[in-house]
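**Student:** got a sequence here, can you model it:
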Amino acid sequence: MRNNYLVRALTRANSQTRTSQPARSLCSSASSADVALKNVTRSNFEVVLAELRRHVREADFVSIDLEMTGITSAPWRESFEFDRPDIQYLKVKDSAHKFAVVQFGVCPFRWDPHTTSFVANPHNFYIFPRQEITSDGVSYDFLCQTSSLEFLAKYQFDFNTCINEGISYLSRSQEEEALKRLDLVYKDELPDLSSNLRNGSDMQLVRMADILFAERMKNVVGEWRAGLLRSGNWGAESQGSWNDMNQKFQTTFYQTRPALEVNGLTSRQLKIIKSVTEKHFKDLAYVHVTGETSCRQPLIVYTDSTEDRELLKREVKACQRKTAELSIQAAIGFRHVIDLLSSERKLIVGHNCFLDIAHVYSKFIGPLPSTAEEFASAVRTYFPNIIDTKVLLNSDYTLLRIMKKGSTSLSKAFGLLCLLPVTLTSISTGVADKLRMKVEVQVDEQRFSNWNSGAKHEAGYDAFMTGCVFSHACSHLGIDFNSPAPGVDLLQNEKLQMYINHLYLSWVNGDTLDLKTGKSSSAGSSGSTMAKHWRTKFTFSNMILLWRLPAKLKAKDIRDCFSKAFGSGSVISVHHLDETAALVQFSKPELVSGFLELKDSLERENSPISVLHPLSTILETGRVRAATYEAYNEVCSSPLSEVLFSDQAEKIGVDGKAGLVKPSIDVDEDDDLYPSEAQLSR
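**Tutor:** Here you go, the predicted structure:
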């Protein structure tokens, strides 16, 4: 078990070293002067967004990368080789829901036929889920995983810039909800004046202080009204004499109507003034208007007729609605970038990007669907064409040879494909040079070709590396960007069709999701980078889930107990979720129901025979819970994230005596399973 597994907010880690650390650069000019990556914050977002629109429109593809505050909300929510595809999706869904995105890299790539090179425009956006609409009553929170914060700090992530200058955002569903609330507030063109009067007059004044204050306000407002009617002059002379009397009340104008500005009073006092005004003065209207500082200013406005008063109410209400609508539009923030990528229908390129796409949907579109099939359909609505370079690298034999049939992490792929010379024995030096794709970086209006690789794990630079890997992979696939044709349409290129919209659900076991069909598939022998000994067959209908296990109970102990009870070879494998829970795979499906029935019988009898039974080591007189694999799905579906699996199962009330449920998905015996890769070296 990891110590200090979760923290609830971004810490001040790294804050004391920000001023002394040099800015990382993407490229260097011929004079060796560093050129900083295009960092985007609140202060320059609007200007950069206008430039980005042009770059995306002209791009052949756009690569993206995200940096998050965490990956897994509990140890048992990590990706395991025995996770069925629906379980894998639920774990990604949980991660995307609970953790924040703090950096978003966007890098449009455009082919320039004049220089026969790609031109990359890398952007590094700092984003932060700040509450911009104060009226919605929502307070945003998210989890942070300490290992992820340490990882970000190691690569000099600027936490201060993220929190203080990060660009906020609203998802599409949040915007729709805010507009619905607005409609409820302003659904009537004209407020019900009788209702307002009735509500105001019905305000119960119980405390003596409130009664005295109400009487005083009646006199103050009455004197002001009488002064207006007596002099018939709304000019500066009457304003000055009143202002001298009481600094909390100042005569002003709302449009062409005289008004009394109320300042420095509590919300309760204002409610009393509203009640007094509406109850005792038929030609006065109490309203709130938006002032020059965007604050709501209470006014008591004089109207010369009932019609004028109704017109005033309409005007104020229309102004308030317009102001609220503008505040919602202003709060959309970084989602404008997502809307841009969606509307332009460009090819989106990521590396091991299923979690990235899940975050994009969760943060900027709406709550993630409950199943992978629904997710696939929903994503294609907004992003119809996505390529995962990790799938591409592991599916093409030539690219596998270049990667030396080993790790296909982004940094390694970038080094082998984009930086180091190609050394395949079957490729001559001349052909290798031809295959090498030239990439230039454009920062503002300057272009550079001497870029370095020292800024990895910064979202903007990782997006740039991803795009470079993809462009070089296209070259090795035989896509000729220098063909006489007007240009290469990557979306229609037949050599890419088999890779588009296939994303790794989990790299641990190589399962992929086809966004075109919503179907998941397991890694086969084609494109596999791992040896045959990693193959493991998982038949989920043969599995049982055990939780509340005795402390320090090893997999061997569990296997031995079941072998004594059901015979040698009855158990194929035992896999721990954490120290409190494990999955046991039997050799036959009938052993699942047999075990559940036997467990129930032993616990019900509670006799000396049951104590001496081989399973007693595991069962511990009724403490241990057991169910089919479907209970694992139920636990993973819960939005809770208790650190220990047993605590999670007990918290959500999973039935410890769940009967056999036929699973919907099995893994074929020829499926390949990969050893675990570090979650953050994507």
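
**Student:** so Pro393, which of the three states?
**Tutor:** To be clear, residue 393 is Leu; Pro isn't right here. helix (DSSP: H, G, I helix; E, B strand; the rest coil).

**Student:** pretty sure it contacts Thr408?
**Tutor:** Yes: the criterion here is C-beta atoms under 8 Å, and Leu393 meets it with Thr408 at 4.4 Å. To be clear about C-beta, it is placed using only N, CA and C from the backbone, and glycine gets the same treatment.

**Student:** neighbour count winner among the two?
**Tutor:** Higher neighbour count among Leu393 and Thr408: Leu393, with 28 against 23, using other C-beta atoms under 10 Å.

**Student:** who's in contact with the more buried one?
**Tutor:** If you count contacts by C-beta atoms under 8 Å, 6 or more residues apart in numbering, Leu393 has them with Leu399, Leu400, Met403, Thr408, Ala413, Val469, Ala473.

**Student:** filter these down to just the ones in strands.
**Tutor:** Applying DSSP state E to those, no entry is found in strands.

**Student:** can you put the residues you listed in a markdown table and add distance to Gly366 and pLDDT?
**Tutor:** Shown next, in a markdown table, are those (distance: C-beta to C-beta, whole Å; pLDDT from 0 to 100):
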| residue | distance to Gly366 | pLDDT |
| --- | --- | --- |
| Leu399 | 36 | 89 |
| Leu400 | 38 | 86 |
| Met403 | 37 | 86 |
| Thr408 | 32 | 87 |
| Ala413 | 33 | 92 |
| Val469 | 31 | 95 |
| Ala473 | 32 | 94 |
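
**Student:** contacts for stretch 296-307 next, please.
**Tutor:** Residues contacting stretch 296-307 (C-beta under 8 Å, 6+ apart): 221, 224-225, 228, 252, 254, 257-262, 270, 273, 277, 283-291, 309, 312.

**Student:** and the strands in the stretch 101-250 of the chain?
**Tutor:** Using DSSP state E, counting those that start in this stretch, the strands assigned to the stretch 101-250 of the chain run over residues 101-112, 117-120, 123-126, 144-145, 249-254.

**Student:** out of those strands, which is closest to Leu577?
**Tutor:** Evaluated with C-beta to C-beta, the strands of the stretch 101-250 of the chain place strand 144-145 nearest to Leu577, the distance being 18.0 Å.

**Student:** could I get the average pLDDT for that closest one?
**Tutor:** Averaged across strand 144-145, the pLDDT comes to 94.

**Student:** check the contacts of Leu393 and tell me the two furthest apart.
**Tutor:** The largest separation in these, counting by C-beta to C-beta, is between Leu400 and Val469 at 13.8 Å.

**Student:** compare these two (neighbour count), which wins?
**Tutor:** Val469 (29 against 17).

**Student:** okay, and the helix or strand of this protein with the least pLDDT?
**Tutor:** strand 6-7 (a mean of 38; mean pLDDT, DSSP states H and E).

**Student:** just the helices in the stretch 51-200 of the chain please.
**Tutor:** 85-98, 146-154, 159-165, 172-185, 193-201 (DSSP state H, counting those that start in this stretch).

**Student:** longest helix of the chain?
**Tutor:** Ordering each helix of the chain by length in residues (DSSP state H) puts helix 306-331 first.

**Student:** contact partners of the helix or strand just after it?
**Tutor:** Along the chain past helix 306-331, the next helix or strand (assigned with DSSP states H and E) turns out to be helix 335-344. Residues outside helix 335-344 that contact it (C-beta under 8 Å, 6+ apart) are 49, 52-53, 56-57, 62, 64, 104, 106, 125, 169-172, 175, 348, 360, 364-365, 382-383.

**Student:** list the buried ones in helix 335-344?
**Tutor:** Applying a neighbour-count criterion of 16 or more other C-beta atoms under 10 Å, one finds Arg335, His336, Val337, Ile338, Leu340, Leu341, Ser342 buried in helix 335-344.

**Student:** look up how far Met68 lies from the fifth one.
**Tutor:** Okay, so that is Leu340. As for Leu340, its distance to Met68 is 22 Å (criterion: C-beta to C-beta, to the nearest Å).

**Student:** check the first one too.
**Tutor:** As defined by C-beta to C-beta, Arg335 lies at a distance of 17 Å from Met68.

**Student:** then the fourth one?
**Tutor:** In this view, Ile338 and Met68 are 16 Å apart by C-beta to C-beta.

**Student:** ditto for Ser520
**Tutor:** Taken as C-beta to C-beta, the span from Ser520 to Met68 is 23 Å.

**Student:** looking at these two now, which is surrounded by more residues?
**Tutor:** Taking neighbours as other C-beta under 10 Å, Ser520 and Met68 compare with Met68 leading, 24 against 21.

**Student:** give me the beta-bridge partners of that one?
**Tutor:** Beta-bridge partners for Met68, by DSSP bridges, are Val101.

**Student:** that one and Leu152, how far apart?
**Tutor:** 9 Å.

**Student:** overlap in contacts, the two.
**Tutor:** Val102.

**Student:** Glu176: how many residues sit nearby?
**Tutor:** 13.

**Student:** let's have the chain start at 30 instead
**Tutor:** From this message on, residue numbering opens at 30, which makes the last subject Glu205.

**Student:** circling back: can you tell me which of the contacts of stretch 325-336 are buried?
**Tutor:** Applying 16+ other C-beta under 10 Å to the contacts of stretch 325-336 flags 250, 253-254, 257, 283, 286-291, 302, 306, 313-316, 318-319, 338, 341 as buried.

**Student:** a markdown table for the buried residues of helix 364-373, including distance to Tyr215 and pLDDT?
**Tutor:** Shown next, in a markdown table, are the buried residues of helix 364-373 (distance: C-beta to C-beta, whole Å; pLDDT from 0 to 100):
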| residue | distance to Tyr215 | pLDDT |
| --- | --- | --- |
| Arg364 | 24 | 97 |
| His365 | 25 | 98 |
| Val366 | 30 | 98 |
| Ile367 | 28 | 98 |
| Leu369 | 30 | 98 |
| Leu370 | 33 | 98 |
| Ser371 | 29 | 97 |
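
**Student:** ok, those vs Asp629, which is closest?
**Tutor:** Among the buried residues of helix 364-373, and counting by C-beta to C-beta, the member closest to Asp629 is Ile367, at 51.5 Å.

**Student:** how near is the closest one to Lys392?
**Tutor:** Counting by C-beta to C-beta, the gap from Ile367 to Lys392 is 8 Å.

**Student:** and if you look at Asp491?
**Tutor:** 18 Å.

**Student:** show me where pLDDT drops low in the stretch 480-629 of the chain?
**Tutor:** Scanning the stretch 480-629 of the chain with the threshold set as pLDDT under 70 gives 480-485, 513-516, 552-565.
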